[in-house]
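Asks: okay, here's the prediction I keep looking at, along with the sequence it came from:
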Amino acid sequence: MLSPTKKFLGDNPDTDYDYVALDPREQYVIRGRKTDVTYLGFCVYSRAEEGGIEVGSNLSDAELELGDDGSFEIHLSAERPAGAKHWLELPERAYAMLVRQYFFDRQRETRAPFTIERVPADMPAPGPLTEAELAEKFARVGQYVIDTADLSASLSVFALMNPVTDARMRKGGEVVDGEVDAERVARNEALLESIDPSVILGHMPTPDIDYTGASFELADDEAVIVTGTARARATGRCRSSTAGSSPPTTAFGGCRSTPPRSRSTPTERFAS
């Protein structure tokens, strides 16, 4: 979906995004294999009745039961198919899914391969669009361009609501080495209350990720130093052939009997 030269809203350069258009009347199946990539997530988005976007359903690799080789299968449909181990609900207004893969070290981690197909696979292709349907889709393209420009501009608003203009340290948006600027806090709270929630959801966030950001004014001899604590992240469960036995050690992220190497989870920059 994106590349080093093709950007969208606040995409993260440490993340691969795959965009999949969906029809909630259809059924789909995803087949893939979890590798050692830091995070793998599938998030379905719906058009809210009052306008805007909302999360319809979400599933990450931490919730997947993996085969010995890291394989998995996920069903997407309005109703859960009988016997489906992993299922993403397609609400009535579902229209798209984003598949995210987070990399801590792109040189060492491998992208998780996956496919998605409509069920049954031999269903006939949709017929040609009518003139009215084509006109509606062109109108959506125009609105999409307008909305994307507005949403991109809103990223600057979020950053400016939390400026860092001096040497004081901030943690979680709160000044911990210096005095709290009560006027700034009040102004930020007022701005937050004035923002339409649909603007935030328009960035297509995932419930698996926390988002934060700040703006900086730097002189030529200044730099921003970001510090944090690296934490190991739990991943999917292995399917073992013998009840009660330890899952086999493999090269894949979710199937190993020994704990994975400690690594931090990269934080998305503002959105997506």
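Replies: All right, it came through fine.

Asks: quick one: mean pLDDT for the lengthiest helix in the chain?
Replies: In terms of residue count, the longest helix belonging to the chain (DSSP state H) is helix 131-160. When pLDDT is averaged over helix 131-160, the result is 79.

Asks: tell me what that helix is packed against?
Replies: When contacts are defined as 3 or more CB pairs under 8 Å, 6 or more residues apart in numbering; DSSP states H and E, helix 131-160 packs onto helix 197-201. Heads up, the C-betas are built off the backbone N, CA and C, glycines and all.

Asks: and the helix it packs on, average pLDDT?
Replies: Per-residue pLDDT values across helix 197-201 average out to 63.

Asks: now the strands for this protein?
Replies: In chain order, the chain shows strands spanning 15-21, 27-33, 39-47, 53-60, 65-66, 71-77, 87-89, 94-102, 114-119, 163-164, 170-171, 174-175, 215-216, 237-238, with DSSP state E as the criterion.

Asks: which one of these is the most hemmed in?
Replies: strand 39-47 (a mean of 22; mean count of other CB atoms under 10 Å).

Asks: list the pairing partners of that strand within its sheet, with orientation.
Replies: Strand 39-47 has these partner strands in its sheet, going by DSSP bridges: strand 53-60 (antiparallel), strand 94-102 (antiparallel).

Asks: is Thr15 in a bridge, and if so with what?
Replies: If you apply DSSP bridges, the partners that Thr15 bridges to are Tyr102.

Asks: ok, now Thr115?
Replies: Thr115 has these beta-bridge partners by DSSP bridges: Arg31.

Asks: return the per-residue confidence for it.
Replies: Here the pLDDT value assigned to Thr115 is 96.

Asks: can you tell me which residues contact it?
Replies: Neighbour list for Thr115: 30-32 [criterion: CB atoms under 8 Å, 6 or more residues apart in numbering].

Asks: what about Ala132, neighbour count?
Replies: 8 (other CB atoms under 10 Å).

Asks: ok, now the one 3 residues further on?
Replies: As a burial measure, Ala135 scores 11 neighbours (other CB under 10 Å).

Asks: quick check: it vs Leu129, distance?
Replies: As for Ala135, its distance to Leu129 is 9 Å (criterion: CB to CB, to the nearest Å).

Asks: also Asp147?
Replies: To Leu129, Asp147 is 22 Å away according to CB to CB.

Asks: same thing with Arg31?
Replies: Look at Arg31 and Leu129: by CB to CB, they are 30 Å apart.

Asks: swap in Tyr17?
Replies: Here Tyr17 is placed at a distance of 27 Å from Leu129 (CB to CB).

Asks: same question, Lys85
Replies: Separation of Lys85 from Leu129 (CB to CB) stands at 37 Å.

Asks: tell me the contacts of the closest residue to Leu59 other than its chain neighbours?
Replies: Beyond its immediate neighbours in the sequence, the residue positioned closest to Leu59 (CB to CB, 6 or more residues apart in numbering) is Phe42, lying 5.0 Å away. If you count contacts by CB under 8 Å, 6+ apart, Phe42 has them with 30, 58-60, 74, 88, 97-99.

Asks: export those residues to a markdown table and tack on distance to Gly51 and pLDDT?
Replies: Listed next are those as a markdown table, based on distance: CB to CB, whole Å; pLDDT from 0 to 100:
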| residue | distance to Gly51 | pLDDT |
| --- | --- | --- |
| Ile30 | 29 | 97 |
| Asn58 | 21 | 95 |
| Leu59 | 26 | 95 |
| Ser60 | 28 | 94 |
| Ile74 | 29 | 97 |
| Leu88 | 23 | 97 |
| Met97 | 20 | 95 |
| Leu98 | 20 | 92 |
| Val99 | 25 | 95 |
